[in-house]
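for reference, the sequence and a predicted model appear below.
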Number of protein chains: 2
Amino acid sequence: MVTTVVVKVKQISTRFSIAVHTISLIAVTPDCTGDYIAGSVNTNPVVIRRIMGMLKKAGLVEVKPGVGGAALLKDPADITLLDVYHAVGVTENNQLFRIHEHSKIECSVGRNIEQVLQDELAEAQALMEQRLAQTTIAQLLEKFK
Amino acid sequence: MVTTVVVKVKQISTRFSIAVHTISLIAVTPDCTGDYIAGSVNTNPVVIRRIMGMLKKAGLVEVKPGVGGAALLKDPADITLLDVYHAVGVTENNQLFRIHEHSKIECSVGRNIEQVLQDELAEAQALMEQRLAQTTIAQLLEKFK
DNA sequence: CACCGTTGTAACCATTGTAGTTACTTCTCG
DNA sequence: CGAGAAGTAACTACAATGGTTACAACGGTG
C-alpha cells in the first residue's frame, strides 16, 4: 500500500514579525507614516494600521492623528521582543499550546492529562518567552548596518 | 471614540496534546483499540486514527491491522514530548514563527529584518523544544495516580 | 469460507484565523 | 476649505482544524 499524507501546519502569525519591523522602522525613521512602513514591509497600509492599533493599545507607540507620523513611547532599549509578542496577541490567553478538553475522567490518563500537560507545556512556553524578553529593539537595530 | 477590538488568535494544534494522551494510554493499556482511545480522549475515532498514522510514521507506535490494538515501539522512558511534537507536525518546516517576506531591500530595516529575526526566534524556539525534550512519557505516567 | 470488528483513507463540511483590499469617516494642518 | 493621513468596517480568498460519513482492506474466529 502506498500512503501519501501531506501534513499542513500552522505558525505564529506574521503580525509579530511585521510589528517588530514596524517598531524598528519608527525607531530609525521617527514620524514616518503608515504608508511608508507599508512600503518597507511590502504590504497593504491597512495591515500596518491594524498592527499599529495593537501597538498603541500596548502603549508602545503613539500615532499623530490627522497629520500622521508615529513615535515610540519607550526607549528602544526598553522594548523587548516579548513586549511586541504580547502586544500583537498571537496566542489565545497567552497559551501557546492548545490542549484538548473533556477527556473522560473514568480513565486515569484522561483524568490527569490536562493538568499535567498544562504544567509541562507552560514551562516550555515560559522558556521561549524568557528568550524573547532578553532581546530588545535596540539590540536588533545594532545589527542593521 | 470607543474602540472595541477582539483579537482572535492561534495556538498549537490539539493534535499534539491528543497524541501525548494517545501514547500515554497505549503505555498504560497495551493493545487498546483506536475506539477505546477515542473514548478516553472524547473525540471521533477517525481523529485518533489520523494521529496514530503520524505516530506510526514517526516509528513511535505499531498498530495491528485487522485485529486491532496498538503498541509502543519504544520504551516510554525513551519517548520525549519533543518526539511527539515532531511526530504530529504542528509547525511548518519546524518553524514555530512565521516571518513576513519580500521586505524592501532599499531600507536598512527591510534589508536585514528577516535574517536577524530568523536567528533570534530560532533561539527562542530551540529553548522551548529543549524543554519538551526533557520530559518523557514515562515521567508523565508517574504523575497519573 | 463468511462474518465481524478494526484499521486506513478519502471526502466533505463548518468554523476560525490570516492577510489583503476597498471604501468611507475623522482628524489635523496649511 | 482642501490635502493627506489615520481609524475602521466590511468584504474576500485562502488555509488549518477538527469532526463526520462512507467505504475498502485486513485478519482472527466460528
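Yes, it's here.

could you use CA atoms for every contact and neighbour count after this?
OK.

counting contacts, what elements does the longest helix along chain A pack onto?
Secondary structure of chain A per DSSP state H: the longest helix is helix A:108-133. On a contact count with 3 or more C-alpha pairs under 8 Å, 6 or more residues apart in numbering or on different chains; DSSP states H and E, helix A:108-133 meets helix A:81-87, helix B:14-28, helix B:34-41, helix B:108-133.

those: which one's closest to DNA strand C?
The minimum distance between DNA strand C and the helices and strands packed on helix A:108-133 falls on helix B:34-41, with 3.7 Å, by C-alpha to the nearest atom of the strand.

other residues contacting the closest one?
Contacts to helix B:34-41, defined as C-alpha atoms under 8 Å, 6 or more residues apart in numbering or on different chains, come from residues A:100, A:102-105, A:107, A:109-110, B:18, B:21-22, B:25, B:44-45, B:47-49, B:68-70.

what parts of chain A come near DNA strand D?
A:1, A:7-10, A:32-35, A:46, A:49-50, A:52-53, A:63-70, A:98, A:100 (C-alpha under 7 Å from any atom of the strand).

show the pLDDT at the residue positioned nearest the centre of chain A.
Central residue check for chain A by C-alpha atoms, centre = their mean: the C-alpha nearest the mean position is that of residue A:85, 2.9 Å away. For residue A:85, the pLDDT comes out at 97.

who's in contact with the spatially closest residue to it that is not a sequence neighbour?
Using C-alpha to C-alpha, 6 or more residues apart in numbering or on different chains and skipping residues adjacent in sequence, the residue nearest residue A:85 is residue A:16, 5.8 Å away. Contacts here follow C-alpha under 8 Å, 6+ apart; on that basis residue A:16 touches A:84-85, A:88, A:90, B:99.

neighbours of residue A:136, just the number please.
Neighbourhood size, residue A:136 [other C-alpha atoms under 10 Å in any protein chain shown]: 19.

swap in residue A:64?
Residue A:64, neighbours per other C-alpha under 10 Å, totals 11.

report the separation between the nearest residue to it once chain neighbours are set aside and residue A:33.
Ranked by C-alpha to C-alpha, 6+ apart and with sequence neighbours excluded, the top spatial neighbour of residue A:64 is residue A:70, at 6.4 Å. The spacing between residue A:70 and residue A:33, counted by C-alpha to C-alpha, to the nearest Å, is 6 Å.
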